[in-house]
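Trainee: Sequence plus predicted model, see below.
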Amino acid sequence: MKEEWDVIVVGGGHAGIEAALAARRMGCSVVLISAKIGRIGELSCNPAIGGIAKGTIVREIDALDGSMARSADSTTLHFRMLNRKKGPAVWGPRVQSDAKEYARTQQRHLRNSGVTIIEDEVTGLDGLTEKVSGVRCRKSSSIKGKTVVIAAGTFLKGRLFRGDEHWKGGRIGDISADSLEDDIVRRLFHVERFKTGTPSRILQNTVNTEQLEVQKSEKTSFTFSYDKSMNNGLEEVCYVTYTNRNTMEIAKDNLHLSPLMVGRIEGTGPRYCPSYEDKVVKFPERMRHKIYVEPMGYKSRYFYLNGLSSSLPREAQEKIVRSLDGFSEAEIADYGYAVEYSYFHYTEIDDTLRLRKTENVFAAGQICGTSGYEEAAGLGLIAGANAGRVAKCLEPLSLSRMESYIGVMIDDIVSKGADEPYRMFSSRAENRLHLRQDNADRRLHNTGELFGILSEDKSELLNGNLREAGRIKVLLEKEIVDGIRLSKWCRRPGTSVEEVVSAANSLAGIDEEVLKSVLLDEKYSGYIERNLRRYESRRDLEKISLKEISSYMEVEEICWEAREALEKSRPETLAGAERIPGIRPTDLQGLLIYLDRRRSTWNNARAGEI
Amino acid sequence: MSPEIICAVATPEGTSALSVIRVSGKGSYELLESIMSLDKNRLKGMRRKVGRISDEGQIVDEVVVVSWPEGKSFTGEEMAEIICHGIPRSIRTIIEILIKHGARRADPGEFARRAFVNGRLNAVQVIALAALWDTEKSRSVFTGKIEESCTILLNEIEKAREAVEGNIEFSETHLDEDNKSIRSVLRDLIEYAKDFKREADSHENSSRVLIMGPTNSGKSTLFNVLTGKNGALVSDEPGTTRDGSTGFIEISGRTIQLCDSAGTDGIGLDRTASEAVINELDGTEIVIWMSEGGMTPPDDEVIKRAGEIVLIAAKSDLKNRIEVERFLNVSSVTGEGLEELKKIISRVPGSMSLSGVAARIEESIHKSDGFISSREYDLAAEILGEAEIEARRIMGKGENIELSIERALAGMCVGK
């Protein structure tokens, strides 16, 4: 066993895997500790990767040479480009994956990369909170490391609920990291509770699929990865069914048995991904909810019921499922349940994902208050890369929110937090027209090189794409069709990329994917420039440091609510203050005036001394 | 017309623990330093000083003076606030001392007007402030309506954005994937934008500049020179302009309504015409009082009801040239004083091109609707965002710092 690791990763979920791999690509020695090695990389909830904005994150992960995209590509069973009719900037690639195969592939990536995997439960950090020396484990005592990435997902004091059943666990069939949570709380980290849930899994052969709507996979050569070599060619169909009045009545009759409704669960759940009982309470007038019936894998025995998450008792879940068309005889293999867990309050985390109280501990994944595989993986990748940098005595880096969804996400969660598990939405990005799934490779190329997390092959591939894009841009400036320069033509309202391609002469024979992506850059360039300008001018706010304010409660220039909100989150700059919910422009001005006045009194006092 | 130092009590009348007196204009520091016996430049910049105001050796009050440098104050000018004890008699004395040392009493709304002229307040804010004063004077104003319709519009834009964004994020898992509901939201929104545009237009038209003065003082000639057309009947015969005439002038990108009134020297036929004009005044106008040889307005009503009076010594090319303070020598023939006069006119509050902004918002919403129908929701949302920024900006809710320093002051109860 190694004396001291560069990076210790706690947890083998989507965040932990990317963290370990990223640090490894930087040449660090990495150990990943998981309570159950066999479940590393599991898709604990739905067997799908991607979606609107989420799919773009997966492409960003690939641009940074992470493994999620490649593993999703090689286990794809069903593909859809969501929002195809809403504009290319909001297209969301989404695949159904073979859940088992996905986990195996991820585990293989870990092993092949030289990450050491240890099966154990981490029970606490070792050493001073300001600078930890490693982690303590249940079986193998202490493991020493220069840096630690905590990616414990929903395991921190995880509690599972179903009806009046409740038990410890971060996920069904797993332990709960109670000792680690105790240690974190003992070290005075501020943690809060969130809740999430998962629906039941149904035995496929008990479902009459003939009564269901069929949703076929799109025929496409799309891959999340820019390597484009991974598609397995396997295919499965998905189905769609709907809830009805009966379903709703059953849920209503059983509401009093819901651990959520009776207050047994105190954590806040995600509004955008509610349990079925939530839906019934919030939209009582709506009978019909769409339920996607998704196979858990290729020729799998199980269906996943997307949209029917529930923590009602088993009998009620059974009745609900059987009320659906095609499910009258259905047998539930695994019942749905809710999980409540601890996560770091956003004030604990800085914009490099380092815990503010420490020099060398990073957090990634659901433990940061997010939800979703893609979000977790994106955070993991950056946390791992930054842990690698700190292990090498380099300053950790932060990402710009104008360049990637990962940047938007980190900025959002560390500067304003969320009152429910944070999920990525395209509308969270003010520069959405730029943050597309088609250009993640070019957007993140610099970041990847800067971190030094790109393999040689990847670097070569991305550099090639970049050069090609540059060449296309030159052609667009050169060729004139019907008296209009191609670049300008792209920007004309109502012009589609296809029109430009078919009208131009010089664009023949160019790789279509890069070409279309560059044309879209051109099409949106006016808006993007405007967004950047606006952002730059707002960045001036970022240059105004609030560090000299020791207590906001004494800033009389602003209202009480603002003082409390600011004291709670203690933003570093005026821009950070602006993003805090409830802070009004007048409060910002109040802060400015306070600072100006303070500075002038300070100057006066100094002048007096001299 | 270099801004003079103005002063006024900013807090309500009556006895209170403290009162605030505002002083604004270049030279304010010097004035206060002298009446407080402070060293020179002690108030320069953003300062806070405790001191005593004394008059001929007699201490009037112990006060705190807060000063702001030019460009950073409510009015945008060099400015100070005297926090004194709220004793009516001592407040009056302080004001008298200030006047004795060169300040003058501020006109109603003059601080806000200066703030507007110096770009420290936006149009809607000025209107809101005006509405405030007007309620105090229990006068009905239409100006509150424009803010209301802008607030509604902003709310509706936010709602429409929510609808579009919701559709982008959720339509795939939603039942209703059609864009009919969004189209109807946008169609409603267009109506709200039109309402706002109408309000803005009507408000813009109502910012008037009136030319008044004795018969045959050259009002119509000036009107024609300013509007650049032969709208008014010009003649050397007294009384040839009977019913007044209206035109629009463009000054620094603003459209301002200019009214030529009939002679107002109160004789014979003109008496009725002039009364009609005077009755129309509602305190928002600039009245250009034209006379030959520096005659002041005879009618108290005019002085009482006008927002601001600009005194003009007309026909300065002829014998009438005078060197009286506060009179601007203007000649429509030689062009003397015209540029200066235009500058003054351009300061009419509310004449900022709100209409233009309203038109842009309306256009954005139209565009957005177009993008929805061509199934470019990404652009539709982007454009709606632009519209929201515009609306927020005129409401003073934008990210632009410069717009809202005074709002912070207002929130801190130091503004009007």
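Mentor: Everything's here; your move.
Trainee: Could you check how many residues crowd around the residue of the stretch 351-500 of chain A found nearest chain B?
Mentor: Nearest residue of the stretch 351-500 of chain A to chain B, counting by CB to the nearest CB: residue A:427, 4.2 Å away. Where C-beta positions appear, they are placed from N, C-alpha and C, glycine not excepted. Here the number of neighbours of residue A:427 (other CB atoms under 10 Å in any protein chain shown) works out to 19.
Trainee: Give me the secondary structure label for it.
Mentor: helix (DSSP: H, G, I helix; E, B strand; the rest coil).
Trainee: what residues are up against it?
Mentor: Contact analysis of residue A:427 by CB atoms under 8 Å, 6 or more residues apart in numbering or on different chains lists B:165, B:168-169, B:381.
Trainee: 10 Å instead, please
Mentor: By CB atoms under 10 Å, 6 or more residues apart in numbering or on different chains, the contact set of residue A:427 is A:52-53, A:90, B:161-162, B:164-166, B:168-169, B:381, B:385.
Trainee: Which of those residues fall within strands?
Mentor: Within the contacts of residue A:427, membership in strands is found for no residue, as judged by DSSP state E.
Trainee: Helices - which of those land there?
Mentor: B:161-162, B:164-166, B:168-169, B:381, B:385 (DSSP state H).
Trainee: Dump those to JSON lines, plus neighbour count.
Mentor: As requested, those are arranged in JSON lines below (neighbours: other CB atoms under 10 Å in any protein chain shown):
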{"residue": "B:161", "neighbour count": "20"}
{"residue": "B:162", "neighbour count": "13"}
{"residue": "B:164", "neighbour count": "27"}
{"residue": "B:165", "neighbour count": "21"}
{"residue": "B:166", "neighbour count": "15"}
{"residue": "B:168", "neighbour count": "26"}
{"residue": "B:169", "neighbour count": "25"}
{"residue": "B:381", "neighbour count": "28"}
{"residue": "B:385", "neighbour count": "21"}
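Trainee: Tabulate those residues in JSON lines, adding columns for pLDDT and distance to chain A.
Mentor: Output for these, formatted as JSON lines (pLDDT from 0 to 100; distance: CB to the nearest CB, whole Å):
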{"residue": "B:161", "pLDDT": "84", "distance to chain A": "8"}
{"residue": "B:162", "pLDDT": "80", "distance to chain A": "9"}
{"residue": "B:164", "pLDDT": "84", "distance to chain A": "9"}
{"residue": "B:165", "pLDDT": "82", "distance to chain A": "4"}
{"residue": "B:166", "pLDDT": "79", "distance to chain A": "9"}
{"residue": "B:168", "pLDDT": "84", "distance to chain A": "5"}
{"residue": "B:169", "pLDDT": "79", "distance to chain A": "5"}
{"residue": "B:381", "pLDDT": "90", "distance to chain A": "7"}
{"residue": "B:385", "pLDDT": "88", "distance to chain A": "8"}
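Trainee: Quick one: those as CSV, columns for distance to residue B:337 too.
Mentor: Shown next, in CSV, are the ones in helices among the contacts of residue A:427 (distance: CB to CB, whole Å):
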residue, distance to residue B:337
B:161, 50
B:162, 54
B:164, 54
B:165, 55
B:166, 59
B:168, 58
B:169, 61
B:381, 52
B:385, 46
